[in-house]
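Asks: Sequence and computational prediction follow.
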Amino acid sequence: MSLYYEAAKVLEDVAESSKPLKQRVYNDKSLKSSPGAIFALVSEAAKWSEILSDVIDNSGILGIERKLTPTLSIVLAHDLLLAKKGLSASKKHPLYDLISKHKARLNAEFTRARIKRGAQSIDSLRNQINTSSTETNGDSNGATNCFYPRWVRINTIKTSFQDCLASTFRSYTPVPTLQALRDQTFPSLFIDPNIPNLIAIHPSSDLTKSPAYHAGHIILQDKASCFPAYLLSPTASGRVIDGCAAPGNKTTHLAAILSSASSTTSSSPRVIACERAPDRAITLKSMVARAGASDLVEVRAGQDFLSLPATGTKYADVKAILLDPSCSGSGIVGRDDAPAPLRITLPAAGGKAVAKEAGGKKRKRSTAPVVPKADTVEEEQEEEKVVQDDGEKLAARLRQLAAFQLRIVTHAMAFEGVERITYSTCSVHGVENEGVVIRALASDVARRRGWRVLRREEQIDGMKKWERRGDEADCRVALESVGDVGLGMEVLADACIRATKGTEEGTMGFFVAGFVRDGEDEGEKHDPSLPVDERYSQDDDEGDDWSGFSD
Ligand SMILES: C[S@@+](CC[C@H](N)C(=O)[O-])C[C@H]1O[C@@H](n2cnc3c(N)ncnc32)[C@H](O)[C@@H]1O
């Protein structure tokens, strides 16, 4: 059992010193356990430490078990909850009993932590952790790469990229990487390689008082939020619907793309911007006006996209639809409700180890007494039920949102002239993202009308080059529930585009996927005697009560 005591000691040491883990373990001749076993356990436990610390804190076991220290509980909980073979200890050993009697509670907290992070399965959470630990540990210095710049889209309806750089940004020096903005000693700007007309500047620059902002020459819009209109890139002919438009960043981006795509100026608006909430439509109108897009965009205040007729002549000329419906908003920067976590970042050669809270503060073991949440077995069971209920409540909220989002997508798929759709959310949850895409592909209307996902190789250049793609585990979960949709999990995941907050790309958490339609309808199997909106069945319609969720 010395393995766990020794691993805990090593974990504590590397968190406090700059010595790399390998050196710390393999040079220590006093260790009784195999250095290989200690190294493997400590490096894995360190990766999971942020989540395991949450789990342990929330379970309250440190207040009950005086023999447990925070690091000892992390290494034990790691093996109890995550190791294939469980704890490497004899069942008779006191440590075995000390931790395993809390297994149910720890498991419940672990499930809660997993759902909070939007992971459908332990595998998917493992992927998240492996990605973020590569990013934070890096290969060279162990420094975190997370940095949120201020993203600025140059509005080509009112100005040109070059003119804007030569005027508003004339005192800014272009830098070759986003990270170079972080340590700027003079005003710098980074020209984005994925999205045309997008730049990033240091977040301390406030442009909201600048004449360019007031004149609508620049629009402050996160890079990831520019993906949908760019991925849709509507062609020069036909109208486009923005189904869920307010406050209007994607609407004005669409208008800018359309205005540069068409050489002739159209006499009538090309974008129909629907916004169901009248108060939000007021903001939409003013954003459209400020962007100089009033002639290009028809704002429909109070318009429910779901009640636009998909068949008939009224919208027959609509060729593309952008859908950015209400979602859980879990990708929005600053929307985390999780407490600041302990994250142990192992030092690379020459690096300094850190045990810190988000925000950079070093975290010590709390000196305040840890109050266990329950003292008796009965209360403990009740507490676990509440914890599981909480997890279920979140899962139920997400299912309800996903059902609404699916209705939005399948309704768009029913529009007769539409050839291209994008679907996006600022959610990190697979159920709202890959889950909706795959369920939409499996829907009646998609099968009848020949809708398929827009594959990575077919995407516009900047999106094809973007490396962060959909989550395979989330695709697998969705495929297991709907069956075959004609493409494998890897292709589907690669077709989906994700952006992850807290990464070196400096974006919010975001998701987007495109749908395209090849050729004619595969026979009109719908009943023409039904009202148009009921002709195609809406799969899994659990109602669209999405009120109360953030957008
Ligand atoms: C995520 S926000 C859209 C953000 C917007 N695309 C942008 O980039 O600024 C979703 C919007 O859709 C609206 N909405 C939700 N359901 C709708 C529906 N059925 N029809 C029209 N608008 C809807 C919400 O009121 C909300 O303003």
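Replies: Received it, and whenever you're ready, just let me know what you need.

Asks: Can you name the residue of this structure nearest the ligand?
Replies: Of the chain, the residue with the smallest distance to the ligand, taken as Cβ to the nearest ligand atom, is Cys244 at 3.0 Å. No exception for glycine: its C-beta is placed from N, CA and C like everyone else's.

Asks: List the residues that contact that residue.
Replies: If a contact means Cβ atoms under 8 Å, 6 or more residues apart in numbering, then Cys244 has Cys274, Glu275, Arg276, Phe305, Leu323, Asp324, Pro325, Ser326, Ile408 as its contacts.

Asks: Repeat that for Val482.
Replies: Contacts here follow Cβ under 8 Å, 6+ apart; on that basis Val482 touches Ile438, Arg439, Leu441, Ala442.

Asks: what ranges do the helices span in the stretch 151-300 of the chain?
Replies: For the stretch 151-300 of the chain, applying DSSP state H, counting those that start in this stretch gives helices covering 161-166, 179-182, 211-214, 227-232, 249-261, 278-290.

Asks: Can you give me the pLDDT of the residue of the chain closest to the ligand?
Replies: At Cys244 the predicted local confidence, pLDDT, stands at 98.

Asks: cool, Tyr26 as well?
Replies: According to the per-residue confidence, Tyr26 scores 86 in pLDDT.

Asks: What's the local residue count around it?
Replies: The criterion is other Cβ atoms under 10 Å. On that basis, Tyr26 has 14 neighbouring residues.

Asks: Pull the contacting residues for the nearest residue to it once chain neighbours are set aside.
Replies: In this structure, Tyr26 finds its nearest non-sequential neighbour in Pro35, 5.1 Å apart by Cβ to Cβ, 6 or more residues apart in numbering. Under the criterion of Cβ under 8 Å, 6+ apart, the neighbours of Pro35 are Val25, Tyr26, Asp28.

Asks: From the contact counts, what lies against the longest strand along the chain?
Replies: Counting residues, the longest strand in the chain under DSSP state E turns out to be strand 510-517. Using 3 or more Cβ pairs under 8 Å, 6 or more residues apart in numbering; DSSP states H and E as the contact definition, the elements that strand 510-517 packs against are helix 227-232, helix 377-413, strand 420-425, helix 434-441, strand 451-453, strand 497-499.

Asks: Run through the protein and note the low-pLDDT ranges.
Replies: Across the chain, residues meeting the criterion (pLDDT under 70) sit at 1, 16-18, 131-146, 236, 262-267, 334-391, 519-551.

Asks: what's near enough to touch the residue nearest to Gln405 when sequence neighbours are not counted?
Replies: With Cβ to Cβ, 6+ apart as the measure, Val436 is the residue that lies nearest to Gln405, at 4.8 Å, once sequence neighbours are left out. Contacts here follow Cβ under 8 Å, 6+ apart; on that basis Val436 touches Ala402, Gln405, Leu406, Val409, Tyr423, Thr425.

Asks: List the contacts of the fourth one.
Replies: Contact criterion Cβ under 8 Å, 6+ apart gives Leu323, Ile421, Tyr423, Val436, Val437, Ala440, Phe515 as the residues in contact with Val409.

Asks: So which of those residues wins on neighbours?
Replies: Among the contacts of Val409, Val436 has the most neighbours (other Cβ under 10 Å), with 30 neighbours.

Asks: from the contacts of Val482, which is closest to Leu284?
Replies: Arg439 (28.6 Å; Cβ to Cβ).

Asks: Start and end of stretch 6-26, how far apart?
Replies: End-to-end distance for stretch 6-26, by Cα to Cα, to the nearest Å: 13 Å.

Asks: May I see the buried residues of it?
Replies: Across stretch 6-26, burial judged by 16 or more other Cβ atoms under 10 Å covers 6-15, 19-21, 24-25.

Asks: Check stretch 29-39 too.
Replies: Leu31, Ser33, Pro35, Ile38, Phe39.

Asks: Look at it and report the distance between its end residues.
Replies: Termini of stretch 29-39 sit 14 Å apart (Cα to Cα).

Asks: and the closest residue to Gly331 other than its chain neighbours, what does it touch?
Replies: Of all residues beyond its chain neighbours, the one nearest Gly331 is Gly509 (2.4 Å), with distances taken as Cβ to Cβ, 6+ apart. Contacts of Gly509 were listed using Cβ under 8 Å, 6+ apart, and they are Ala224, Ser330, Gly331, Ile332, Val333, Cys426, Ser427, Val428, Arg498, Ala499, Thr500, Lys501.

Asks: again, only this time at 6 Å
Replies: Taking Cβ atoms under 6 Å, 6 or more residues apart in numbering, we find Gly509 in contact with Gly331, Val428, Thr500, Lys501.

Asks: Compare those residues and tell me which is most surrounded.
Replies: Looking at the contacts of Gly509 with neighbours defined as other Cβ under 10 Å, the largest count falls to Val428 at 28 neighbours.

Asks: so that one makes contact with Ser328?
Replies: No. Checked against Cβ atoms under 6 Å, the pair Val428 and Ser328 is beyond contact range at 8.2 Å.

Asks: residues in the stretch 201-350 of the chain within reach of the ligand, list them.
Replies: When proximity is defined by Cβ under 6 Å from any ligand atom, the stretch 201-350 of the chain lies next to the ligand at 225, 243-250, 274-277, 280, 304-306, 324-326.

Asks: out of those residues, which are inside strands?
Replies: Cys274, Glu275.

Asks: what does the chain put close to the ligand?
Replies: For the chain, the residues in contact with the ligand (Cβ under 6 Å from any ligand atom) are 225, 243-250, 274-277, 280, 304-306, 324-326, 551.

Asks: Give me the buried subset of those.
Replies: Of these, these count as buried by 16+ other Cβ under 10 Å: 225, 243-250, 274-277, 280, 305-306, 324-326, 551.

Asks: How about the contacts made by Asp79?
Replies: Asp79 makes contact with Leu87 under the criterion Cβ under 6 Å, 6+ apart.

Asks: Try it again at 8 Å.
Replies: Listed by Cβ under 8 Å, 6+ apart, the contact set of Asp79 reads Tyr4, Leu41, Gly86, Leu87, Ser88.
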